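[1] for reference, the sequence and a predicted model appear below.
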Amino acid sequence: MNVRRSAAALAASAVLCAGAAPAALAAPSPSTPPAPVIPSGLYGKKDPTYDGVWRQSFALLAQNTVGVKPAKEAVDWLAGQQCANGGFASFRADAATACDDKTMFDTNATAVAVQALKATGGRDAAVKKAVDWLKSVQNEDGGWAFVPGTPSEGNSTSIVISALTVAGEKPAEVKSKAGKSAYEGLLAFQLGCAAEPAADRGAFGYQPAPDGKLPANADATAAAVLAGLGQGSVVAPSAADTPAAALACPAGAADPAAAAQGAAGYLAEALKKDGHLTAVTPGADQPTADTGNTADAVIALAAAGHKQSAAGALEWLKTNSAEWAKDSPAALGTLVLAAHATGTDPKSFGGTDLVTALNATGPAPQTSATAEPKSEAKDEGSDSNVWWIVGAGLAAGMGIGVLLSGRRKKNQL
């Protein structure tokens, strides 16, 4: 779950600026915006407006996973982004100024911050406040939206459920005012045994299209596997390895773990053709490789106990992810987590030392990893795609869900 930040820009634009978008596109401002000021404790050197908390959280999660103790100022920066009510925005340039009714709260940023602060330790009060805030913005259908107060979608619902689980909550017991549980909200986004084409059965969708059909979405599907299995972003390598299977029909609609396994089967099948997932990006005639969601799929399949189903995609990432991940803490962090989940050495990932590269994007850690990543038998965003932001006004008319399947993520802006 990772670069999602381009989608954050799209979602924010669609919510706040959809009505003004055509005029903005027709008459762009001739002025050049000032270069962003990068806080000293923040990882990454690109504009953090849409992914500051997201990329920081993945950097800290990855460092903690491989035995690196992050810089104190890095953890303090993340904790300092929290608003008094417990929620997080995508980024606050001036954390000394109190959040107010103009603050655009971000459920995804809050959820990954919960995981990072839980992992680094010593912030139990902040974690509890964030969890309480997430519960407070649960929609009546049991799910969550990226922007609180808007309709639920499969990706944010999954990300929040994973955070709740890491924090010690039981998603089946987290219920909306209407009595719908978090898992009920999640399972509503799965394409069941009547879905067409049949290849989409088991996948999860982001949101229904204008015609009411729920398209399969790789981003939401990978996140849903972790949520259904009660996993966070950090997946411990497992000794078990079984083939991924298609969604069992009739599916156990009330069983999140069975739903997760069906989603894993969809991902495994989708990876067979090229060894990676694809997405159609604005302005492109043909689908292109979707590196971020491929990394997420590897983590999801490993969590589901299907390492062999992830093996081809893992090898593809080793060969093809370097440019995508360059200087991107969210992308590098995601690759570290993919390596960890599959029992792969992140210090020798297709010729790249991911840990050193990640550490170089921010303040020097207090300690460096001196041993191989921990192996346990049990379970336990990006700044580059500027055109996503340029096209944000168009997203409202085109349907955010379609574009999100290309790179909502999380994935490593």
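    Yep, that arrived. Computed from a predicted structure; not experimentally measured. Residues are numbered from 1 along each chain as shown.

[2] which positions in the longest helix along the chain come out as buried?
    If you go by DSSP state H, the chain has its longest helix at helix 256-272. Buried residues in helix 256-272, counted by 16 or more other Cβ atoms under 10 Å: 256, 258-271. Just so you know, the C-beta spots here come from the backbone N, C-alpha and C atoms, and that holds for glycine as well.

[3] for residue 200, give me its contacts.
    191, 215, 216, 266 (Cβ atoms under 8 Å, 6 or more residues apart in numbering).

[4] so the last one sits against residue 216, correct?
    To tie it back to what came earlier, the one meant is residue 266. Yes. With contact defined as Cβ atoms under 8 Å, residue 266 reaches residue 216; the gap is 7.1 Å.

[5] spit out the residues that contact those two alike.
    Here residue 266 and residue 216 have 200, 203 as joint contacts, going by Cβ under 8 Å, 6+ apart.

[6] and which of the contacts of residue 200 is nearest to residue 292?
    Among the contacts of residue 200, residue 216 lies closest to residue 292 (Cβ to Cβ), at 16.6 Å.

[7] burial count for the closest one?
    22 (other Cβ atoms under 10 Å).

[8] beta partners for it?
    residue 205 (DSSP bridges).

[9] so where's the chain shaky on pLDDT?
    For the chain, the stretches with pLDDT under 70 are 1-33, 35, 251-253, 368-413.

[10] render the CA-only coordinates of the host helix or strand of residue 340 in CSV, please.
    Residue 340 is part of helix 329-341, with elements assigned from DSSP states H and E. Presented in CSV, the C-alpha positions along helix 329-341 are these (Å, rounded to 0.1, in the frame of the first residue of the first chain):
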residue,chain,number,x,y,z
PRO,A,329,10.8,6.9,0.6
ALA,A,330,7.3,5.4,0.1
ALA,A,331,8.4,3.3,-2.8
LEU,A,332,11.6,2.2,-1.2
GLY,A,333,9.7,1.4,2.0
THR,A,334,7.2,-0.6,0.1
LEU,A,335,9.9,-2.6,-1.6
VAL,A,336,11.6,-3.3,1.8
LEU,A,337,8.3,-4.6,3.1
ALA,A,338,7.8,-6.8,0.0
ALA,A,339,11.3,-8.2,0.5
HIS,A,340,10.6,-8.8,4.2
ALA,A,341,7.3,-10.5,3.4
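
[11] now the element after it, going C-ward?
    helix 354-359.

[12] ok, and what's touching stretch 240-248?
    Here stretch 240-248 makes contact (Cβ under 8 Å, 6+ apart) with 192-193, 201-202, 258, 261-269, 301, 304-309.

[13] go on, stretch 156-164?
    Contacts to stretch 156-164, defined as Cβ under 8 Å, 6+ apart, come from residues 1, 107-108, 110-112, 114-115, 130-131, 134, 142-146, 171, 174, 182-183, 185-186, 189, 204, 220, 223-224, 226-227, 231-233.

[14] can you rerun that using 7 Å?
    1, 107-108, 111, 114-115, 131, 134, 143-146, 171, 174, 182, 185-186, 189, 220, 223-224, 226-227, 231-233 (Cβ atoms under 7 Å, 6 or more residues apart in numbering).

[15] now it - C-alpha only, PDB.
    Provided in PDB are the C-alpha atoms of stretch 156-164 (Å, rounded to 0.1, in the frame of the first residue of the first chain):
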ATOM      1  CA  SER A 156      -9.700   3.200   2.300                       C
ATOM      2  CA  THR A 157     -11.900   0.700   4.100                       C
ATOM      3  CA  SER A 158      -9.200  -1.900   3.800                       C
ATOM      4  CA  ILE A 159      -6.400   0.400   4.900                       C
ATOM      5  CA  VAL A 160      -8.300   1.500   8.000                       C
ATOM      6  CA  ILE A 161      -9.200  -2.100   8.900                       C
ATOM      7  CA  SER A 162      -5.500  -3.000   8.800                       C
ATOM      8  CA  ALA A 163      -4.600  -0.100  11.000                       C
ATOM      9  CA  LEU A 164      -7.400  -1.000  13.500                       C
END
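
[16] helices along the stretch 151-300 of the chain, start to end?
    Assigned by DSSP state H, counting those that start in this stretch, the stretch 151-300 of the chain shows helices spanning 154-166, 182-187, 218-228, 256-272, 291-303.

[17] now those helices in TSV, with distance to residue 63?
    Conversion of the helices of the stretch 151-300 of the chain to TSV gives the following (distance: least, Cβ to Cβ, whole Å):
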stretch	distance to residue 63
helix 154-166	16
helix 182-187	29
helix 218-228	20
helix 256-272	27
helix 291-303	17
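
[18] go through these and name the closest to residue 210.
    So among the helices of the stretch 151-300 of the chain, helix 154-166 is nearest, using Cβ to Cβ, at 16.8 Å.

[19] wait, residue 154 sits on residue 214?
    No. Under the criterion of Cβ atoms under 7 Å, residue 154 is not in contact with residue 214, lying 8.5 Å apart.

[20] ok, residue 321 - contacts?
    By Cβ under 7 Å, 6+ apart, the neighbours of residue 321 are 291, 335.

[21] residue 127: how many residues sit nearby?
    So residue 127, with other Cβ under 10 Å, has 23 neighbours.

[22] what is the burial count for residue 180?
    19.

[23] what sits against it?
    By Cβ under 7 Å, 6+ apart, the residues touching residue 180 are 140, 141, 142.

[24] which element is the first one on?
    When secondary structure is defined by DSSP H and E, residue 140 falls outside every helix and strand.

[25] out of everything not next to it in sequence, what's closest to it?
    residue 178 (4.1 Å; Cβ to Cβ, 6 or more residues apart in numbering).

[26] check the burial of that neighbour by counting its neighbours.
    Around residue 178 there are 11 residues (other Cβ under 10 Å).

[27] now swap in residue 71 and tell me
    Neighbours of residue 71 using other Cβ under 10 Å come to 20.

[28] now it, nearest residue through space, not along the chain?
    Using Cβ to Cβ, 6+ apart, the nearest residue to residue 71 is residue 363, at 3.8 Å.
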